[in-house]
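Novice: Everything below, folded, please.
(one chain, ligands or ions: 2)
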Amino acid sequence: MEVTVGTAALALALLLLPVLYERSGSFRFFCKMGFYNGWILVLALVAIPLCALRGRDVENMKIIRGLMQHVKHLYGIRMAVRGAQHFPPRQPYVVVSNHQSSLDLLGMMEVLPDRCVPIAKRELLYMGAVGVACWLGGIIFIDRKRTHDAISVMAEAAHTMLSQDVRVWVFPEGTRNHSGSMLPFKRGAFHLAVQAQVPVVPIVISSYQHFYSKQERRFTAGQCVIQVLPPLPTRGLGPADVPALTERVRAAMLEAFEALSA
Ligand SMILES: CCCCCCCCCCCCCC(=O)SCCNC(=O)CCNC(=O)[C@H](O)C(C)(C)COP(=O)(O)OP(=O)(O)OC[C@H]1O[C@@H](n2cnc3c(N)ncnc32)[C@H](O)[C@@H]1OP(=O)(O)O
Ligand SMILES: CCCCCCCC/C=C\CCCCCCCC(=O)OC[C@@H](O)COP(=O)(O)O
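Specialist: Numbering: from 1, shown residues only. Ligands and ions are numbered 1, 2, ... in the order given. Predicted coordinates for the structure are as follows:
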């Protein structure tokens, strides 16, 4: 008897889920974000054996990128890329882009150049299969609580960029920023570019506000623009020039962000 009541309650709850999904924006938001994380976890499980054939290698980012590119379609997100001609064709550079949410991964995978690895917080390494896939892809991990260590990892990255022809993608805001604008930029990416004497390529992803908002728990289909801005050279610049370079890049990106998001 108890089993029957339990089963009936479960069946009723399952029947109500689609109704709840239809009626409640918040519930829909959590389902969609939960699926996003879960699906990335599944994709990581697929990526691991494929990437393991090469071992830890930046070429594996092609596999990760290939596996991730359909995800935008699952969510009805359309992405238009503008200014792709600005990517310097055959040389290392540092990409800097704004960071609104974990959805930025979709934009990143849309335009990620060959042999380009993101710099990520160390915590990602502990996310099970996702961490393993990131490690196999050659993603560079930094410990944000240890400035000195983070800076030495970045200095090593400057060498790797030149010796192994690698490009690096940094979110200079240093954290996700749902505010609808851009946080002040940390200078690590710009020190990196100056140390390696390679250009900075700014990329701006337009605001998600009209289809995605964490605060309002809203997540619908929508579109965004990914704008690649003209690269800024750093040849001849030294550490003293980093603050001005940082501010110049941020101003250009903020202007583009506001224009794209208007
Ligand atoms: C299929 C499976 C798929 C899986 C998904 C795969 C994709 C995953 C994608 C994941 C994407 C995940 C995305 C993510 O996880 S985003 C989060 C992690 N990323 C970042 O934090 C990057 C941006 N941060 C920085 O650049 C910071 O500056 C760092 C981290 C370097 C230090 O930050 P911290 O807060 O500790 O210190 P500070 O910024 O106050 O700096 C202190 C001083 O040091 C100076 N300084 C800085 N750097 C250098 C340098 N190199 N050489 C010499 N000096 C340097 C600096 O100018 C300042 O001096 P001053 O100017 O005040 O005098
Ligand atoms: C054994 C442990 C198992 C844990 C399993 C966890 C499963 C999680 C599965 C998938 C997670 C997908 C994560 C996608 C990566 C998101 C990248 C991202 O956007 O990171 C945030 C970082 O930029 C800034 O971090 P904060 O805003 O400072 O925070």
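
Novice: The host helix or strand of Tyr21 - contacts with which helices or strands?
Specialist: Using DSSP states H and E, Tyr21 sits in helix 2-23. On a contact count with 3 or more Cβ pairs under 8 Å, 6 or more residues apart in numbering; DSSP states H and E, helix 2-23 meets helix 25-52. (Glycine included, C-beta is placed from N, CA and C.)

Novice: tell me the angle the helix holding Tyr21 makes with helix 25-52.
Specialist: 100 degrees (axes from the mean of the first three to the mean of the last three Cα atoms, to 10 degrees).

Novice: Please identify the residues of the stretch 51-200 of the chain in proximity to ligand 1?
Specialist: Applying Cβ under 6 Å from any ligand atom, we find that the stretch 51-200 of the chain lies next to ligand 1 at 64, 67-68, 105, 118-121, 124, 130, 133-134, 139, 142, 144, 147, 150-151, 154-155, 170-172, 174-175, 186-189, 191-192.

Novice: could you redo the last one with a cut-off of 5 Å?
Specialist: Contact residues, the stretch 51-200 of the chain versus ligand 1 (Cβ under 5 Å from any ligand atom): 64, 67, 118, 120-121, 133, 147, 150-151, 154, 171, 174, 186-188, 191.

Novice: Quick check: which element contains the residue lying closest to Leu43 once chain neighbours are set aside?
Specialist: Among residues not flanking Leu43 along the chain, Leu67 sits closest, at 4.8 Å (Cβ to Cβ, 6 or more residues apart in numbering). Taking DSSP H and E as the definition, one finds Leu67 inside helix 60-68.

Novice: average pLDDT for that helix?
Specialist: The pLDDT scores in helix 60-68 average 98.

Novice: in that helix, what's buried?
Specialist: 60-61, 63-65, 67-68 (16 or more other Cβ atoms under 10 Å).

Novice: Where does the stretch 51-200 of the chain get nearest to ligand 1, residue-wise?
Specialist: In the stretch 51-200 of the chain, the residue that lies nearest ligand 1 is Gly188 (2.1 Å; Cβ to the nearest ligand atom).

Novice: who in the protein is up against ligand 2?
Specialist: By Cβ under 5 Å from any ligand atom, the residues of the chain that approach ligand 2 are 37, 40-41, 102, 127-128, 130, 175-176.

Novice: Quick one: buried ones out of these?
Specialist: Applying 16+ other Cβ under 10 Å to those flags 40, 130 as buried.

Novice: Near the residue nearest to Arg250 when sequence neighbours are not counted, how many other residues are there?
Specialist: Closest residue in space to Arg250, ignoring its immediate chain neighbours: Phe185 at 4.8 Å, by Cβ to Cβ, 6+ apart. Other residues within reach of Phe185, judged by other Cβ atoms under 10 Å, total 21.

Novice: looking at it, Phe185 is touching Thr246, isn't it?
Specialist: Yes. Counting by Cβ atoms under 8 Å, Thr246 is a contact partner of Phe185 at 5.2 Å.

Novice: where do the contact lists of the two overlap?
Specialist: Shared contacts of Phe185 and Thr246, defined by Cβ atoms under 8 Å, 6 or more residues apart in numbering, comprise Pro172.

Novice: Can you lay out the residues of the chain next to ligand 2 as a markdown table showing pLDDT?
Specialist: Listed next are these as a markdown table, based on pLDDT from 0 to 100:
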| residue | pLDDT |
| --- | --- |
| Asn37 | 97 |
| Ile40 | 98 |
| Leu41 | 98 |
| Ser102 | 96 |
| Met127 | 95 |
| Gly128 | 95 |
| Val130 | 98 |
| Thr175 | 96 |
| Arg176 | 96 |
